[in-house]
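Participant: sequence isn't available, so here's the structure alone:
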């Protein structure tokens, strides 16, 4: 499956969530993969997705986390 | 661990645990309406290390060491520790300094603001207007693309330095007479070291997991319509409110409040600076300590900025004086900032707008 990749590594709160939300608005219906490197960033993005009733899948990678979902 | 704080009621409960531990620290000796105050405690540490010479506020606070240590230990244990650095460190140093100067004009960080609110201090409610205003101003610039840029992974040892250094300094403070200790004033009131350190380690560990942030709470509510983080503050506030009412410490008034003043404009503007700088730095003073513990060298630099900001605030008379009632020997003191404190707050606001307008996100990808 082709994913649109959103790299929010190293950004301070709440930029990762804001960038993810912007990407969701710009790519409605498409599959997104967010790459992040901090546990709290992952938790914040997951909380936002839950809040907006999106289902997602998170996997731990060597560099951090990947969250995939449909915008 | 990820499911530990995945619901608002769990976050509320974790805030209530903070409240219980704050209550313990208040009972065990911390100053009036100052069971926990990040900026006051960092200021006391600066005084203990003789970075300033205000005799009433000198004590090496174990709580600050504990918050960082709690976050450090739990992040190592849960494999979330990651040493990072390189996101505009000197701008963050400035933000830390300004956070401290604003807080010392108000006389407290956002955490103490909440504790003062729970004791009926109406000045803290006035200050909240400024804090929320500062957070919303910062949020406005975030929406416009403000960013301090990315951090990058660095050697793990970089993140170990501050927690280990603070533990070393705490041991020195307990075992030697190298550090200054207040004989009167807020610095002379403190819980026993073991109690303060243990409570703070627990709070630091929980905060690393529940992402407590005073600025983030208001920011998330405004930006994402998400009340998760503010649930933590709700739990803390309710417990402290019950404690203050039960112990007769609740007095709804502007005057007669411990370590406070009723200069409304400067309470508002002082916390405006704190809220604005906290959003630009990605977290309130408390959150900066937690991020430091989990390996953020940028937050460690912000902490160092706070430490120097405290020294500047007291060495150059920027910090406010607390209001005092008249006694048989001394007249009443209205309290509030000096002219230097007022000028410093205005300068901080100008600098914050310059930083907010000039630092832009490069590309999202």
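Facilitator: Nice, thanks for sending it over. This is a predicted model, so every value here is computed, not measured.
Participant: what's the neighbour count on residue B:157?
Facilitator: Neighbour count of residue B:157, defined by other CB atoms under 10 Å in any protein chain shown: 9. Using the backbone N, CA and C atoms, a C-beta is placed for each residue, glycine as well.
Participant: that one falls within a helix, correct?
Facilitator: Yes: assessed with DSSP: H, G, I helix; E, B strand; the rest coil, residue B:157 lies in a helix.
Participant: that one contacts residue B:81, doesn't it?
Facilitator: No: using CB atoms under 8 Å, residue B:157 makes no contact with residue B:81, being 11.8 Å away.
Participant: now whichever residue of the stretch 101-250 of chain B sits closest to chain A: closest residue in space, sequence neighbours ignored.
Facilitator: Using CB to the nearest CB, the closest approach of the stretch 101-250 of chain B to chain A is made by residue B:150 at 3.3 Å. Spatial nearest neighbour of residue B:150, excluding adjacent residues (CB to CB, 6 or more residues apart in numbering or on different chains): residue A:10 at 3.3 Å.
Participant: three-state assignment of that neighbour?
Facilitator: coil.
Participant: so what's the residue count around it?
Facilitator: 22.
Participant: which non-adjacent residue is nearest the residue in the stretch 251-365 of chain B that chain A sits nearest to?
Facilitator: At 3.1 Å from chain A, residue B:282 is the closest residue in the stretch 251-365 of chain B, using CB to the nearest CB. Leaving out its chain neighbours, the residue that sits closest to residue B:282 by CB to CB, 6+ apart is residue A:12, at 3.1 Å.
Participant: where does the one you found fall, phi/psi-wise?
Facilitator: phi -80, psi 160 (degrees, to the nearest 10).
Participant: mind listing what's buried in stretch B:57-71?
Facilitator: Buried residues in stretch B:57-71, counted by 16 or more other CB atoms under 10 Å in any protein chain shown: B:57-71.
Participant: which of these sits closest to residue B:297?
Facilitator: residue B:68 (12.7 Å; CB to CB).
Participant: confidence score at that closest one?
Facilitator: On pLDDT, residue B:68 comes in at 98.
Participant: I'd say residue B:18 and residue B:214 touch.
Facilitator: No: in this structure residue B:18 lies outside contact range of residue B:214 using CB under 8 Å: 11.7 Å.
Participant: now do the SS call for the residue nearest to the spatial centre of chain A.
Facilitator: Chain A has residue A:34 as the residue nearest its centroid, 3.6 Å off, counting by CA atoms, centre = their mean. Three-state call for residue A:34 (three-state DSSP): strand.
Participant: residues of the worst-scoring helix or strand of chain A on mean pLDDT that come out buried?
Facilitator: Of all helical and strand segments in chain A, the minimum by mean pLDDT, DSSP states H and E falls on helix A:39-51, at a mean of 90. Buried positions in helix A:39-51, judged by neighbour count with 16+ other CB under 10 Å: A:39, A:40, A:41, A:42, A:43, A:44, A:45, A:46, A:47, A:48, A:49.
Participant: which among these gets closest to chain B?
Facilitator: Comparing the buried residues of helix A:39-51 against chain B with CB to the nearest CB places residue A:39 closest, at 4.2 Å.
Participant: tell me the contacts of that closest one?
Facilitator: A:65, B:75, B:78, B:80 (CB atoms under 8 Å, 6 or more residues apart in numbering or on different chains).
Participant: so the last one sits right up against residue B:208, yeah?
Facilitator: Yes: A contact is recorded between residue B:80 and residue B:208 when judged using CB under 8 Å, the distance being 7.5 Å.
Participant: got any residues that touch both of the two?
Facilitator: By CB under 8 Å, 6+ apart, the residues touching both residue B:80 and residue B:208 are B:74, B:294.
Participant: have a look at the two and say which one is more surrounded.
Facilitator: residue B:208 (25 against 19).
Participant: near chain B, which residues of chain A show up?
Facilitator: A:5-7, A:9-15, A:17-19, A:21-23, A:37-40, A:43-44, A:47-48, A:50-51 (CB under 8 Å from any CB of the partner chain).
Participant: can you count the residues close to residue B:348?
Facilitator: 28.
Participant: is it true that it lies in a strand?
Facilitator: No: counting by three-state DSSP, residue B:348 is not part of a strand but helix.
Participant: any idea how far it is from residue B:342?
Facilitator: 11 Å (CB to CB, to the nearest Å).
Participant: ok, residue B:151 touching residue B:86?
Facilitator: Yes: using CB under 8 Å, residue B:151 is in contact with residue B:86, at 5.1 Å.
Participant: which of the two has more neighbours?
Facilitator: The residue with more neighbours, out of residue B:151 and residue B:86, is residue B:151; 26 against 14, by other CB under 10 Å.
Participant: ok, now which ones touch the residue nearest to residue B:282?
Facilitator: Residue A:12 neighbours (CB under 8 Å, 6+ apart): B:87, B:147, B:148, B:151, B:281, B:282, B:283, B:298.
Participant: could you dump the residues you listed to TSV with pLDDT?
Facilitator: TSV is the format used below for the contacts of residue A:12 (pLDDT from 0 to 100):
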residue	pLDDT
B:87	96
B:147	96
B:148	97
B:151	95
B:281	97
B:282	95
B:283	95
B:298	97
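Participant: farthest pair in those residues?
Facilitator: Spatial extent of the contacts of residue A:12 (CB to CB) is set by the pair B:147 and B:283 at 14.6 Å.
Participant: mind checking which of the two has more residues around it?
Facilitator: Comparing residue B:147 with residue B:283 by other CB under 10 Å, the one with more neighbours is residue B:283, at 26 against 21.
Participant: many thanks, have a good one.
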